[in-house]
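**Student:** Predicted structure and sequence below. I'll ask about it afterward.
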Amino acid sequence: MERILFLVNHDVVIYNFRRELVERLLQEGYEVVISSPYGERIDLLKDMGCKYVEVKMDRHGTNPLEEVKLLAYYKNLISTVKPKMIFSYTIKPNLYRAMAAEFCKVPIVANITGLGTAVENNGVMEKAMIALYKFAFRKVQTVYTQNEENRQFFIDNNIAVDRLKLLPGSGVNLEHFHVLEYPGDETIEFVFISRIMKEKGIDQYLEMAEYIKEKYPQTRFHICGFCEEEYEDKLKELDEQGVIIYHGLVMDVREVLAYTRCTIHPTYYPEGLSNVLLESAASSRPIITTDRSGCREVINDGMNGFVVEQKNTQSLIAAVEKFIALSNKERKQMGLAGRAKVEKEFDRQIVVEAYMSELEKA
């Protein structure tokens, strides 16, 4: 039986966003092997029929000795599994696993789910990352980018130019994230769904929530996601004050989307393409987000939501007030417009078929 090896840095990356691809591969008779740090979704993947190999990894680590150990681990893993092809996602897996795959003579398809903060500033780290990408991607079969800006970055820096292809992010499962009934207008409830970190715009969201909540008492501001340590006390304080409602990490965001009216994603993190926005729009929820790559692809300003400036609380406040001023019928129509957009442009089956075509090439 031919094997496909998935290399990821988190169980969410594969279960939430690649599950349909895994299902297709299993249906086609492939053995699917997943290497990832352990997470609670790994057991769900094993129940589907996947094989699992645990890897210890510090996603943000820079200790040279540990990084060399990680590269050696991947070489050994690939030599042992002997896959027909490797599918790799996220920064560190893409770089180290591409190098290991080349050493082991196994074709690899890398997916750029975002370039990370290292390439946001023109400095030493950016130059180092460019050098690493050039070295690691010398012989990859295909490099998928999720937005045009990331694609242009690779072209400008002469990285795998003849093997670049553009995908509509991870796509979205249009059956799983179906049209949800739009709530009434007794309260106007907003939600922030993301890892709670500065670059995701949490400061702007909290500042906006404090201002809007006082001015419009009928509003509610929900937050869902893993909290970075530096924000724990702030979230607890605002939750106790009734400014926000913090839910922690939520397994099924559809449960929260069902009673919220709008998803706010004020990120300035280097996104690939925001799954939060895709899932919210697919569920017929209007979105408010920033004008940057990974977000602007999902929104038409004024049609399925509003675009705001990055790091600008006043811009966010103005957009939220504009949304509050809409009738509930207008909000519902805005959500349905977003659904129509993702149906046309971001169906996950587009992504699945692209990966199956890569297998045919191998």
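**Tutor:** Okay, I see it. Residues are numbered from 1 along each chain as shown.

**Student:** Need the three-state assignment for I86.
**Tutor:** Using DSSP: H, G, I helix; E, B strand; the rest coil, the structure places I86 in strand.

**Student:** residues in contact with it?
**Tutor:** Taking C-beta atoms under 8 Å, 6 or more residues apart in numbering as the criterion, I86 is in contact with 4-7, 78, 97, 101, 106-109. C-betas here are computed from N, CA, C, even on glycine.

**Student:** Just give me the closest of the residues you listed to A282.
**Tutor:** When the contacts of I86 are compared for distance to A282 (C-beta to C-beta), F6 wins out at 23.6 Å.

**Student:** hey, what's the closest one bridged with?
**Tutor:** The bridge-partner assignment for F6, based on DSSP bridges, gives I34, F87.

**Student:** ok, it - how many residues close by?
**Tutor:** By the measure other C-beta atoms under 10 Å, the count of residues near F6 is 24.

**Student:** Thought M85 was touching it, still the case?
**Tutor:** No - applying C-beta atoms under 8 Å as the test, F6 and M85 come out as separate, 10.1 Å apart.

**Student:** picking that back up, which single one of the contacts of I86 is nearest to F346?
**Tutor:** Ranked by distance to F346 (C-beta to C-beta), these are led by V109 at 19.6 Å.

**Student:** which SS state does the closest one fall under?
**Tutor:** For V109, the secondary-structure state derived from three-state DSSP is strand.

**Student:** Check H247 too.
**Tutor:** Reduced to three states by three-state DSSP, H247 is strand.

**Student:** Now it. Nearest residue, chain neighbours left out?
**Tutor:** Counting by C-beta to C-beta, 6 or more residues apart in numbering, C224 is the residue found nearest to H247 once chain neighbours are left out, at 4.7 Å.

**Student:** show me what contacts that neighbour?
**Tutor:** With contacts defined as C-beta under 8 Å, 6+ apart, C224 is in contact with 191-194, 247-250, 253, 256.

**Student:** Reformat those as JSON lines; add neighbour count.
**Tutor:** Listed next are the contacts of C224 as JSON lines, based on neighbours: other C-beta atoms under 10 Å:
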{"residue": "V191", "neighbour count": "26"}
{"residue": "F192", "neighbour count": "27"}
{"residue": "I193", "neighbour count": "24"}
{"residue": "S194", "neighbour count": "23"}
{"residue": "H247", "neighbour count": "16"}
{"residue": "G248", "neighbour count": "11"}
{"residue": "L249", "neighbour count": "12"}
{"residue": "V250", "neighbour count": "16"}
{"residue": "V253", "neighbour count": "22"}
{"residue": "V256", "neighbour count": "20"}
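
**Student:** And the strands in the stretch 251-362 of the chain?
**Tutor:** 262-265, 287-290, 305-308 (DSSP state E, counting those that start in this stretch).

**Student:** whoops, the stretch 51-200 of the chain was the one
**Tutor:** Taking DSSP E, counting those that start in this stretch as the criterion, the stretch 51-200 of the chain contains strands spanning 51-54, 85-89, 108-112, 142-145, 164-166, 188-193.

**Student:** helices and strands around the fifth one, which ones?
**Tutor:** Using 3 or more C-beta pairs under 8 Å, 6 or more residues apart in numbering; DSSP states H and E as the contact criterion, the elements in contact with strand 164-166 are strand 142-145, helix 148-156.

**Student:** now the helix or strand of the chain with the lowest mean pLDDT against strand 85-89, angle please.
**Tutor:** Comparing every helix and strand of the chain by mean pLDDT, DSSP states H and E singles out helix 91-103 as the least confident one, with a mean of 77. Using axes from the mean of the first three to the mean of the last three C-alpha atoms, to 10 degrees, the inter-axis angle of helix 91-103 relative to strand 85-89 is 160 degrees.

**Student:** Helix 91-103: which residues count as buried?
**Tutor:** Within helix 91-103, the residues that qualify as buried by neighbour count (16 or more other C-beta atoms under 10 Å) are 91-102.

**Student:** how far away is L359 from T145?
**Tutor:** Remark: distance between L359 and T145 (C-beta to C-beta, to the nearest Å) = 20 Å.

**Student:** The two - which one has more neighbours?
**Tutor:** Under the criterion of other C-beta under 10 Å, the comparison of L359 against T145 puts T145 first, with 27 against 18.

**Student:** The closest residue to G184 other than its chain neighbours: what's it in contact with?
**Tutor:** Leaving out its chain neighbours, the residue that sits closest to G184 by C-beta to C-beta, 6+ apart is N328, at 6.7 Å. N328 makes contact with 182, 184-185 under the criterion C-beta under 8 Å, 6+ apart.

**Student:** need those residues in TSV with neighbour count, can you?
**Tutor:** Converted to TSV, the contacts of N328 look like this (neighbours: other C-beta under 10 Å):
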residue	neighbour count
Y182	19
G184	8
D185	15
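
**Student:** Which single one of the residues you listed is nearest to C50?
**Tutor:** Comparing the contacts of N328 against C50 with C-beta to C-beta places Y182 closest, at 36.7 Å.

**Student:** shouldn't that closest one be in contact with E330?
**Tutor:** No - using C-beta under 8 Å, Y182 makes no contact with E330, being 10.8 Å away.

**Student:** quick one, helices of the stretch 151-300 of the chain?
**Tutor:** Listed in chain order, the helices found in the stretch 151-300 of the chain under DSSP state H, counting those that start in this stretch are 202-215, 232-240, 254-257, 275-282.

**Student:** tell me the most buried of those?
**Tutor:** Comparing the helices of the stretch 151-300 of the chain on average neighbours per residue, with mean count of other C-beta atoms under 10 Å, the densest one is helix 275-282 at a mean of 28.
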